[in-house]
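# would you be able to build a 3D model of this:
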Amino acid sequence: MMTTTRRAVLAGSAAVATSAVLGTSEAQAHPRPGNKPKPTVVLVHGAFADASGWNDVAAKLLRDGYPVIAPANPLRGVASDSAYLASILTTLTGPIVLAAHSYGGIVVTNAATGNPNVKALVYVAAFAPDQGESLLQLQTQFPGSKLNEAALDFRPYAEGLVDGYIKKEFFHDVFAGDVKESTTDLMHAGQRPADARTLGEPSGAPAWKTIPSYYLVVKNDQVLPAAAQRFMAKRAKSEVREVGASHVAMISQPSAAADLIRHAAR
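Numbers count the residues shown, from 1 in each chain. Predicted coordinates for the structure are as follows:
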């Protein structure tokens, strides 16, 4: 029987790779015809990863003239991570579109609440919890996740505190099955861990109740079952698209993710 601490970390999953995409200095809104600025697109990664998992999506959006930032997600706790992202959002002027992957979904769901500049939320195989729900609760509500205790290494980093990492022998098949193994080897080596406490935390008031949302359901997801994604998208009244991809759809299917973000930003 898993401990609460160990079970909590199983919900952690996210875009993966090794470095941030852009700094906030790029986040000034670009003008469009009719003086309507293009929104700043903020790309939010999750656990076991950093912002470079969004690189191909960011490149497509930048070519189209969207200002883009991909800030670091601290991965230390739902409340603290959400507060950190909210503080970044207050430094941006003009409209904002938030796009999140996996654990990043709970962060944007909380960070966007009450911010009038956020015009849309885009979830890519991401958690979209209601108030009081945890990631573990949503991940295990439907069968199909293979990110179980056997797939994880648990490493203490302070007294009573534990981080979780995906083991190398599980990383490709469970996390990124449609990405070549030479790439997933690097993704595994550079993964950032999830604090085990983070993923049992209850979510706050959800921004999707007041902000339009869009959801890219990933049909071959071995981390967050597609049934759970569809459930959350339907509840949030999200506009839904589906793609046949692994959990890291923004890496293996960047055009699908970028197209949905453009649609949300229109």
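
# L121 - nearest residue in space that isn't next to it in sequence?
S213 (4.4 Å; C-beta to C-beta, 6 or more residues apart in numbering). C-betas here are computed from N, CA, C, even on glycine.

# ignore what I typed, I meant S203.
Sequence neighbours aside, P129 is the residue nearest to S203 in space, at 4.0 Å (criterion: C-beta to C-beta, 6+ apart).

# phi first, then psi, for that neighbour.
phi -80, psi 160 (degrees, to the nearest 10).

# what about it, how many residues nearby?
P129 has 24 neighbouring residues, counting by other C-beta atoms under 10 Å.

# what does A83 give?
The tally of other residues near A83 (other C-beta under 10 Å) stands at 14.

# neighbours around E159, how many?
For E159, using other C-beta under 10 Å, the count is 5.

# how confident was the prediction at the residue nearest to S203?
pLDDT recorded at P129 is 98.

# before we move on, what about the one 10 residues further on?
On the pLDDT scale, Q139 is placed at 95.

# likewise for A11?
40.

# ok, the residue nearest to L121 - how many residues close by?
Neighbour tally, S213, other C-beta under 10 Å: 25.

# I figured it hits A128, correct?
Yes. The pair S213 / A128 is scored as a contact, 7.1 Å apart, by C-beta atoms under 8 Å.

# residues shared between the contacts of those two?
Residues touching both S213 and A128 (C-beta atoms under 8 Å, 6 or more residues apart in numbering): L121, A233, A236, S238.

# identify the residue nearest the third one in space, chain neighbours excluded?
Across the structure, with C-beta to C-beta, 6+ apart as the measure, the residue nearest A236 apart from its sequence neighbours is W208 (4.1 Å).

# so that neighbour, which state does it fall into?
Put simply, W208 is helix when judged by DSSP: H, G, I helix; E, B strand; the rest coil.

# okay, now it: neighbour count?
24.

# now do the residue lying closest to Q131 once chain neighbours are set aside against T109, distance only.
Distance criterion C-beta to C-beta, 6+ apart; nearest residue to Q131, sequence neighbours excluded, is A205 at 5.4 Å. For A205, the distance to T109 equals 9 Å [C-beta to C-beta, to the nearest Å].

# for the two, indicate the residue with more neighbours.
Neighbour count, other C-beta under 10 Å: between A205 and T109, T109 has more, with 33 against 13.

# can you classify that one by secondary structure?
Using three-state DSSP, the structure places T109 in helix.

# let me know the pLDDT of it.
For T109, the model assigns a pLDDT of 98.

# quick check: closest non-adjacent residue to it.
The shortest distance from T109 to any non-neighbouring residue, by C-beta to C-beta, 6+ apart, is to P206 (4.9 Å).

# tell me where the stretch 101-250 of the chain has strands.
Counting by DSSP state E, counting those that start in this stretch, the stretch 101-250 of the chain has strands at residues 118-124, 152-158, 161-166, 194-195, 213-218, 239-243.
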